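Q: Provided below are the primary sequence and the corresponding predicted coordinates.
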Amino acid sequence: MKIIITGASRGIGKYLMEMFKKEGEEVYGTYLNTPPDEGGENMSKVNIGDYNEVKTWVDSIVKNDYKVVLLNCAGTNYNGFAHKADLAKWKSVIDINLTGTFYAIHAVLPLMRESGFGRIINFASIVAQKGIPGTSAYAASKSALWGMSKSIAIENAKKGITINSLNLGYFDIGMITEVPEEFLALIKKEIPTGQLGNPENIFKIVKFLIESDYTNGTTIDINAGLF
Ligand SMILES: NC(=O)c1ccc[n+]([C@@H]2O[C@H](COP(=O)([O-])OP(=O)(O)OC[C@H]3O[C@@H](n4cnc5c(N)ncnc54)[C@H](OP(=O)(O)O)[C@@H]3O)[C@@H](O)[C@H]2O)c1
């Protein structure tokens, strides 16, 4: 099995790459602006918003005789109230979080269909479920993953392929750790446990989705009961 991870230079993608490597899996990842650690193996520079780069990366790793798992971790954010949002920045969130995710899926699907196996896991967010001021671009990009995945799930269900999305709450890793302390305190107050999530929860559910051949086109909330 080969596990390929977009956005593996930081945060959740990097964590999952390390965890799967420890378990002896063959893992490949991408970076863009954050160079990999010294000796970082199997890391390629790929802009997920550029289809040719994504396709070249996928084709360099994936052959049609492999079982492949695609983890779409690459993501970005732009905060701004809708009425005064910078249009270019707004669109770039859609281009990376939605279209970039689709590019990776588009590049890998024909190979998965030929091999008769595939697991695709998208990283969505509670932000799209809750409605949080200033997050229209991010929320739009993440909720779009749900509908997109349902369609792709049905198209490929007879080919041994599943596609699902994780709606992550707030984890003690990645972009959340960059939130200013005063906002972080407000977020923690809302979480029923009062604490950010341990990313091991994400790892365990990713492993479950890899093992399951009957969980398809759906979403799993990992948020400690925060809604
Ligand atoms: N952390 C959380 O609690 C949380 C909560 C809800 C949802 N999520 C979602 O989970 C995923 C991972 O989040 P995270 O917190 O780990 O994020 P992060 O720490 O900000 O890391 C983002 C990753 O995406 C990559 N990336 C960004 N733009 C890219 C592009 N155009 N092309 C290729 N790679 C690009 C970055 O690469 P470079 O740095 O190399 O450019 C980096 O590896 C995201 O989709 C995020 O929306 C996270």
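A: Sure, I can see it.
Q: all helices in the chain, in order from the N-terminus.
A: 11-22, 51-61, 87-93, 101-115, 126-130, 136-156, 181-190, 200-211 (DSSP state H).
Q: Of all the ones you listed, which one comes closest to the ligand?
A: helix 11-22 (2.1 Å; C-beta to the nearest ligand atom). All C-beta spots, glycine's among them, are computed from the backbone N, C-alpha and C.
Q: Just give the nearest non-adjacent residue to the residue positioned nearest the centre of the chain, would you?
A: In the chain, the centroid-proximal residue (C-alpha atoms, centre = their mean) is residue 73; its distance is 2.8 Å. Excluding the flanking residues, the one nearest residue 73 by C-beta to C-beta, 6 or more residues apart in numbering is residue 13, at 3.4 Å.
Q: What is the distance between the helix or strand of the chain with the lowest mean pLDDT and the centre of its chain?
A: For the chain, counting by mean pLDDT, DSSP states H and E, helix 181-190 ranks last in confidence among helices and strands (a mean of 94). With C-alpha atoms, centre = their mean, to the nearest Å as the basis, helix 181-190 stands 24 Å off its chain's centre.
Q: tell me which residues form a beta bridge with the closest residue to residue 71 other than its chain neighbours?
A: Nearest residue to residue 71, sequence neighbours excluded (C-beta to C-beta, 6+ apart): residue 5, at 4.5 Å. Under DSSP bridges, the beta-bridge partners of residue 5 are residue 29, residue 71.
Q: Verify the stated contact: residue 5 with residue 25.
A: No - counting by C-beta atoms under 8 Å, residue 5 stays clear of residue 25, with 10.7 Å between them.
Q: Who has more neighbours out of those two?
A: residue 5 (28 against 14; other C-beta atoms under 10 Å).
Q: Check the burial of residue 183 by counting its neighbours.
A: 10.
Q: Show the contacting residues for it.
A: If you count contacts by C-beta atoms under 8 Å, 6 or more residues apart in numbering, residue 183 has none.
Q: so how far is residue 117 from the residue nearest to residue 71?
A: Per C-beta to C-beta, to the nearest Å, residue 5 is found 17 Å from residue 117.
Q: List the contacts of residue 212.
A: Per C-beta under 8 Å, 6+ apart, neighbours of residue 212: residue 162.
Q: Just the pLDDT for it.
A: Listed pLDDT for residue 212 reads 98.
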